[in-house]
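Predicted model, plus sequence, below.
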Amino acid sequence: MKKIIVGLFIGVMVVSSLAGCGNKQEGGTDSVPAEETSEGNENEPDGNVEIGFTADYLSDFMANVVKGVETAASDNGAKITIQDAEFDTAKQLQQVENFINAGVDAIVIKPVDSDACKPIKEACAEANIPFVVVNSESNAGCDVYVGSDNAYAGQMQGDFVVENLSDGGKVGILMGELMVQATTDRTEGAKEAMAVNDKIEVVSEQDAGWMRDAAMKKMENWLNAGMDFGAVIANNDEMAIGAAKILKENGVEDVLVCGVDATSDALEMIKSGDMSMTVFQDGYQQGYQGVVSAIKLINGEEIEEYVDVPFEVVTAENVDKYIEIISGQ
C-alpha cells in the first residue's frame, strides 16, 4: 500500500469553558497506541482520507474527545475538520451537509439531540459515506456507535450513595439536557440503584442543562426552599461542581456530591473534599476510537456496531491516578 502523509487540518471553531456530557465507560484509562488500533502504518488509508467531526458543543470534557479525534487522524494519516454545533440541531445538520458537499469520506458526530439524528443519518446514507456517533447515542441509529453505558454511570453514582448513606436521606438530582439520551439513562440508573434502600428518597429532579452556573442557581433554590439533602447526584461534573460550590459557600457540610466525567476541576474538588465522587468517562478514547472506526469503515473492514469505552468510579482513594491520566491526555 502506498504511504501517504496528509497534513492535519483542525477546524475547531470555539472552545468554551463549559463541561460536556458524556456516555459509557469502565476501563480504557490509557490512550490506545496506534499499533493496537490501526495496525501501525500498515493500515493507513489508501488516499486522501478526509473526515468531518461535529460536536454538540466544545466543552472541557469535549476537549478530551477532540484530542482523541485529532490524535487518531494524525496516527492514521487522515485529514480531520472539527466544528462546534453550539447546541443547535439545525446548525449540526448544516455542518454535516457542508462536510458532505466538501467531499469528506466519513462523518463522526457527538449529537446535539439523540432524537434529531435521522436527517444526518439519511444525508450520510444518500452520500454513501459512513456515519459514526460518539459519546451520546443516536436514536435514529448509525453505522458505529462509540461510547459508554450511561445507565451504568448512574448506577455507579447510586451505588456510592447507598454505600455512604446507609441510614437514608434525601437526594436531589441535577439533570443534563432533557433531549439527550444520556440524561435519561444516568438519572434512571442512579434512581434504580438507590431503590434498594427505601430510606433514601429522591425529593427533587431539576434540569440544569449540563451547566455549572445553572446548577448553582438550582442548588441555591433548593437551599432557599429549606431542603435538606444527604446527597446531590449530577449527570455531569460541571453541575456537580456548581452544586458543591454553593454548598460550601453556605457552610453546608456532609452532603455527598456525585458527578460524571472526571474533568480536571472535579478531580481537584474530590481531592480537596468538596466533591465526593465522579465517574471517569474516557472522552479521549471515545474520540480516538470514533475516528479509527470511521477509517475502518472507509477501508471496507468489518467492525462491531458498538464499541464500548467503559466507565470507572473515582473517589478520594484513587483520585491521584485519574489526575495523572487526565493531565497526560
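Sure thing, it's come through. Because the structure is predicted, anything quoted here is derived from the model rather than measured.

helices or strands next to the helix or strand hosting Ser327 in the packing?
Using DSSP states H and E, Ser327 sits in helix 319-328. The contact analysis (3 or more Cβ pairs under 8 Å, 6 or more residues apart in numbering; DSSP states H and E) places helix 319-328 against helix 264-272. (C-beta placed from N, C-alpha, C; glycine too.)

From the rest of the structure, what touches whatever helix or strand comes next after the helix it packs on?
Using DSSP H and E, the helix or strand that follows helix 264-272 in sequence is strand 278-280. Residues outside strand 278-280 that contact it (Cβ atoms under 8 Å, 6 or more residues apart in numbering): 25, 29, 153, 156-157, 237, 240, 258-263, 266-267, 270, 311-314, 322, 325.

so the helix or strand just after strand 278-280 versus helix 319-328, what angle?
Next along the chain after strand 278-280, taking DSSP H and E as the criterion, comes helix 283-298. Using axes from the mean of the first three to the mean of the last three Cα atoms, to 10 degrees, the inter-axis angle of helix 283-298 relative to helix 319-328 is 50 degrees.

mind exporting helix 283-298 as CSV, just the C-alpha atoms?
Extracted in CSV, the C-alpha atoms of helix 283-298 (Å, rounded to 0.1, in the frame of the first residue of the first chain):
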residue,chain,number,x,y,z
GLY,A,283,-13.6,11.1,26.2
TYR,A,284,-10.2,10.8,24.6
GLN,A,285,-10.8,7.1,23.8
GLN,A,286,-14.3,7.8,22.6
GLY,A,287,-12.9,10.3,20.1
TYR,A,288,-10.0,8.2,19.1
GLN,A,289,-12.0,5.0,18.6
GLY,A,290,-14.7,7.0,16.7
VAL,A,291,-12.1,8.1,14.1
VAL,A,292,-10.5,4.7,13.9
SER,A,293,-13.9,3.1,13.4
ALA,A,294,-14.7,5.6,10.6
ILE,A,295,-11.4,4.8,8.9
LYS,A,296,-12.1,1.0,9.1
LEU,A,297,-15.5,1.6,7.5
ILE,A,298,-13.9,3.7,4.7
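
Using neighbour counts, pick out the buried residues of the next helix or strand after it.
Following helix 283-298 in sequence order, the next helix or strand is strand 306-308 (DSSP H and E). Residues of strand 306-308 classed as buried: Val307, Asp308 (neighbour count, 16 or more other Cβ atoms under 10 Å).

Give the pairing partners of strand 306-308; include direction for each.
strand 144-147 (parallel) (DSSP bridges).

mind listing the strands in this protein by residue range?
Using DSSP state E, the strands found in the chain span residues 50-55, 79-84, 106-109, 131-134, 144-147, 169-175, 200-207, 231-234, 256-258, 278-280, 306-308, 312-314.

which residues does the closest residue to Gly273 other than its chain neighbours contact?
Once flanking residues are discounted, Gly273 sits nearest to Ala316: 7.2 Å by Cβ to Cβ, 6 or more residues apart in numbering. Contact analysis of Ala316 by Cβ under 8 Å, 6+ apart lists Ile270, Lys271, Gly273.

okay, now the domains of the protein?
34-148+282-311, 150-280 (automatic domain parsing).

Mean pLDDT and distance to Gln329 added to those, as CSV?
Output for the domains of the chain, formatted as CSV (pLDDT from 0 to 100; distance: least, Cβ to Cβ, whole Å):
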stretch, mean pLDDT, distance to Gln329
domain 34-148+282-311, 90, 5
domain 150-280, 97, 10
